[in-house]
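>>> okay, predicted coordinates and the sequence, questions at the end:
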2 protein chains.
Amino acid sequence: MKIDKFLDGLTVGYDIPALPGMRQEEIVTPCLVIDLDRLETNLRTMGDFARRSGVKLRPHGKMHKSADIARLQMEIGGATGICCQKVSEAEAFVRAGITDILISNEIRNPLMIDRLARLCAEGAKISVCVDDPDAVTQLQEAAVRHETTITCLVEFETGGRRCGVSTLTELLEIARAIVAADRLDFGGVQAYHGMMQHIVSYEDRRSAAIKSIQHANAAVEMLRVNGIRCPRVTGGGTGSYAFEAGSRLYTELQCGSYAFMDVDYARIEDESGRRCQDFDQALFLLTSVMSTSSAGRAVCDAGLKVQSVDSGLPLVHDRDDVAYVSASDEHGTLTDPYGHLAVGDRLRLVPGHCDPTCNLHDWYVVMRHGRVETIWPVTARGKAF
Amino acid sequence: MKIDKFLDGLTVGYDIPALPGMRQEEIVTPCLVIDLDRLETNLRTMGDFARRSGVKLRPHGKMHKSADIARLQMEIGGATGICCQKVSEAEAFVRAGITDILISNEIRNPLMIDRLARLCAEGAKISVCVDDPDAVTQLQEAAVRHETTITCLVEFETGGRRCGVSTLTELLEIARAIVAADRLDFGGVQAYHGMMQHIVSYEDRRSAAIKSIQHANAAVEMLRVNGIRCPRVTGGGTGSYAFEAGSRLYTELQCGSYAFMDVDYARIEDESGRRCQDFDQALFLLTSVMSTSSAGRAVCDAGLKVQSVDSGLPLVHDRDDVAYVSASDEHGTLTDPYGHLAVGDRLRLVPGHCDPTCNLHDWYVVMRHGRVETIWPVTARGKAF
């Protein structure tokens, strides 16, 4: 690495990992690297699929937390807006110019509801999920306070066992309360089944999806017979999107991980029992070998503080000769039976789970044809309120 | 919660979770909360122990990443400086006024070695570990470039199977190279056995510690018979510190987690097979219940993006009636068999593993006697280079 060139651009405390034009060996690690060709292909693939299927695509910004990627999703990936999970996350996107956002989650803290209403009053197009009549009251009061209107969807629990009402009676009660609130717009139903996304077997995933869609259908039917039109049914993830898209019920997909992919999503199978090939790995955790002092193994600089191992350890991309076998706070241990690794070698790790891994980083290093093309901030990194 | 009071202090985009004087119910969640009385007690306990044992205490800043806590460790906790794992982390501490730092890790990236030398040239007292003769050359060159001196310790692998040389021959070779380099000072030996810290059984932990100390002793002896004085033997963690302190070999302890504690460290046992009671839990992940829509369970706002579950799920502090049973990106699922939980209820979670959990947050909310006393930034959050 040419230190002088690097030092021209980086000074102490200026913690960006790379400059445009650098080769992979020059990047300071550990950091996240995006293969831009692959990212663009993934975005176009999902965008084309949604268009062909006649559903809208509202990719999940909670995964990448990047305004630059959200913009790319809208420019080349067929997206009509994005999803977020948190108000502070939505604020970060709005400040960066992404203003059409579904908060696909319940917001119950009074301050954060107030901030949500403020975003709407400032002209952002924000909608939010509700699974409790009390939340309708809170949201209405905040909308009145800020002289604005908030769009609310009822979240219906279709097997994911997280938030959302699980009975049709509650669903109807909340929908009616939203319709009756003069400062709230009824936006439809969210029915997202998170756990199902990760079921490896195609058949098992398909049956879970069918059950989930049947539940969602019952919800929409319940509203219809009670005279409430449901303008939107939203849900679907990278593991199940084709089922929701083909349901003739869902109007919008919320997939997130398709843009980057990870070890966990790469495990799921297609109809013929093979690993699903819809999307390519576009996100990598770039790491450097920092010690080879013991025969048969090496230590790299990517540990628990730069990746989440909740869904398992990372894979070493494009290398059969070495394996990442354990993680401590700042170190990863690799087996290196052939002694191939040397200090300074860069390895691309495929993260076990992309969402919480991206949330650990401040920057994406964006590469094309072996060179850094640009770097993007992780706009909403750490926005957890 | 009094929204108006809160809105006076917080505006959109101003992402601090609390203001001084607030009660727990007013804090925006999820966030980290410190029980200041307990933290101070933990710091004094370890400081008193080190003083009585005649060893220096250099607590690990990689755990809390907070300049305020480092300062408290030096003011009331007997610390003579701190440890860090990364140059960028050390830079953050130096900028915040903490200038006596051992980087208890190998630094091999040329840019980061250059930044390390620059810190020394600016007057900070930085030492660093080495396990490869090439690193000695790199460090010497950087010290020459910045007209400074860098203190280097040889890391000796005593069973932890991470970095560090594992033979006495290599140890001697590197120590000699450091002694011979005119811009490097030989600082001694680091012998830290990370894995051993978490062994639950006292006897098993003790035998691992004895073996590790024997290895370290052989290292110091090897240097002595070859005429190299070893000014410092550093190591020891929250699980093993009493063994190193009683070894008559170690001169310095590097414990970190004792300040906060976590579920993993609370599992380890003392001599009589009981859970070790040396330190009290001082760190909590404060979370709010956000959905109780299904009987028997509740959903809280603390998921994988605000805690690391590598060492297991968090425990709910001081509650036998509810349990945290699963984590997704932004949600935690709780069993609530008695229906005790209501939306907005605050729960204090004990993180499974404190270090990578703290690294996810920007702020500590510091509480005493039921009120927020202050908030501290997580000074070196995300500093991974």
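Noted; the coordinates are in hand.
>>> tell me, how many residues neighbour A:Ala124?
Neighbour count of A:Ala124, defined by other CB atoms under 10 Å in any protein chain shown: 19. Every residue, glycine included, has its C-beta placed from N, CA and C.
>>> so what pLDDT did it get?
Listed pLDDT for A:Ala124 reads 97.
>>> that one touches A:Val94, doesn't it?
Yes: if you go by CB atoms under 8 Å, A:Ala124 and A:Val94 touch, sitting 4.8 Å apart.
>>> touching both of these two, which residues are there?
A:Ile101 (CB atoms under 8 Å, 6 or more residues apart in numbering or on different chains).
>>> tell me the helices in the stretch 201-350 of chain A, going along the chain?
A:202-225, A:241-245, A:263-266 (DSSP state H, counting those that start in this stretch).
>>> comparing the ones you listed, which comes out most buried?
Highest mean neighbour count of those: helix A:241-245, a mean of 22 (counted as mean count of other CB atoms under 10 Å in any protein chain shown).
>>> report the mean per-residue pLDDT for that helix.
97.
>>> which secondary structure elements does the strand or helix carrying A:Asp355 contact?
Take DSSP states H and E as the rule and A:Asp355 turns out to sit in helix A:354-358. Helix A:354-358 makes packing contacts with helix A:61-64, strand A:283-291 when contacts are defined by 3 or more CB pairs under 8 Å, 6 or more residues apart in numbering or on different chains; DSSP states H and E.
>>> which stretch among the ones you listed comes nearest chain B?
Among those, strand A:283-291 comes nearest to chain B, with 4.1 Å by CB to the nearest CB.
>>> so what strands line up beside that closest one?
strand A:31-35 (antiparallel), strand A:297-300 (antiparallel), strand A:346-350 (antiparallel) (DSSP bridges).
>>> and that strand, how far from the chain's centre?
For strand A:283-291, the separation from the chain centroid amounts to 23 Å (computed by CA atoms, centre = their mean, to the nearest Å).
>>> same deal with stretch A:286-293?
29 Å.
>>> pLDDT averaged over that stretch, what's the number?
96.
>>> how about the residues of the stretch 201-350 of chain A near chain B?
Residues of the stretch 201-350 of chain A that fall close to chain B, judged by CB under 8 Å from any CB of the partner chain: A:288, A:290-294, A:297, A:299, A:301, A:304-306, A:308-310, A:327-331, A:333, A:343-344.
>>> how is chain A carved up into domains?
As given by automatic domain parsing, the domain ranges for chain A are A:3-35+A:282-377, A:36-266.
>>> so can I have JSON lines of those domains showing distance to B:Arg115?
Conversion of those to JSON lines gives the following (distance: least, CB to CB, whole Å):
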{"stretch": "domain A:3-35+A:282-377", "distance to B:Arg115": "5"}
{"stretch": "domain A:36-266", "distance to B:Arg115": "27"}
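>>> these: lowest mean pLDDT?
domain A:3-35+A:282-377 - the lowest mean pLDDT of these, at a mean of 92.
>>> give me the neighbour count for A:Arg248.
11.
>>> wait, what's in contact with it?
Here A:Arg248 is in contact with no residues (criterion: CB under 8 Å, 6+ apart).
>>> quick one on the thing from earlier: and of the domains of chain A, who's closest to B:Thr374?
domain A:36-266 (19.6 Å; CB to CB).
>>> on that earlier part again, and the next helix or strand after the helix holding A:Asp355, what does it pack against?
Once the chain leaves helix A:354-358, the next helix or strand it forms, by DSSP H and E, is strand A:363-368. Packed against strand A:363-368 by the contact rule (3+ CB pairs under 8 Å, 6+ apart) you find strand A:31-35, helix A:36-53, strand A:371-377.
>>> tilt between the shortest one and strand A:363-368?
Between strand A:31-35 and strand A:363-368, the angle formed by their directions is 30 degrees, by axes from the mean of the first three to the mean of the last three CA atoms, to 10 degrees.
>>> ditto for the second one
In terms of direction (the same axes, to 10 degrees), helix A:36-53 departs from strand A:363-368 by 90 degrees.
>>> which residues touch whichever helix or strand comes after helix A:36-53?
Where DSSP H and E defines the elements, the next helix or strand beyond helix A:36-53 is strand A:56-57. Residues outside strand A:56-57 that contact it (CB under 8 Å, 6+ apart): A:Met46, A:Gly47, A:Ala50, A:Gln73, A:Gly77, A:Gly78, A:Ala79, A:Thr80, A:Thr251, A:Glu252, A:Leu253, A:Cys255.
>>> now, the residues you listed that are in strands?
Counting by DSSP state E, the part of the contacts of strand A:56-57 found in strands is A:Glu252, A:Leu253.
>>> look up the closest residue to the residue of chain A positioned farthest from its centre, ignoring the ones flanking it.
Taking CA atoms, centre = their mean, the residue of chain A most remote from its mean C-alpha position is A:Ala295, at 39.3 Å. Leaving out its chain neighbours, the residue that sits closest to A:Ala295 by CB to CB, 6 or more residues apart in numbering or on different chains is A:Gly339, at 7.0 Å.
>>> what residues are up against that neighbour?
Counting by CB under 8 Å, 6+ apart, A:Gly339 has contacts A:Thr292, A:Ala295, A:Gly296.
>>> can you pull out the helices in the stretch 1-150 of chain A?
A:3-9, A:36-53, A:61-64, A:67-76, A:87-95, A:110-121, A:133-145.
>>> and these: which comes nearest A:Leu349?
Nearest of those (CB to CB): helix A:36-53, 15.4 Å.
>>> so what touches that closest one?
So helix A:36-53 is contacted by A:56-57, A:59, A:69, A:72-73, A:76-79, A:241-242, A:245-246, A:253, A:255, A:258-261, A:278-283, A:366-369, A:373 (CB under 8 Å, 6+ apart).
>>> just the buried ones from those?
A:56-57, A:59, A:69, A:72-73, A:77-79, A:241-242, A:245, A:253, A:255, A:258-261, A:278-279, A:281-283, A:366-367 (16 or more other CB atoms under 10 Å in any protein chain shown).
>>> can you redo the strands paired with strand A:283-291 as a markdown table with mean neighbour count and distance to B:Val189?
Shown next, in a markdown table, are the strands paired with strand A:283-291 (neighbours: other CB atoms under 10 Å in any protein chain shown; distance: least, CB to CB, whole Å):
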| stretch | mean neighbour count | distance to B:Val189 |
| --- | --- | --- |
| strand A:31-35 | 24 | 32 |
| strand A:297-300 | 25 | 18 |
| strand A:346-350 | 22 | 29 |
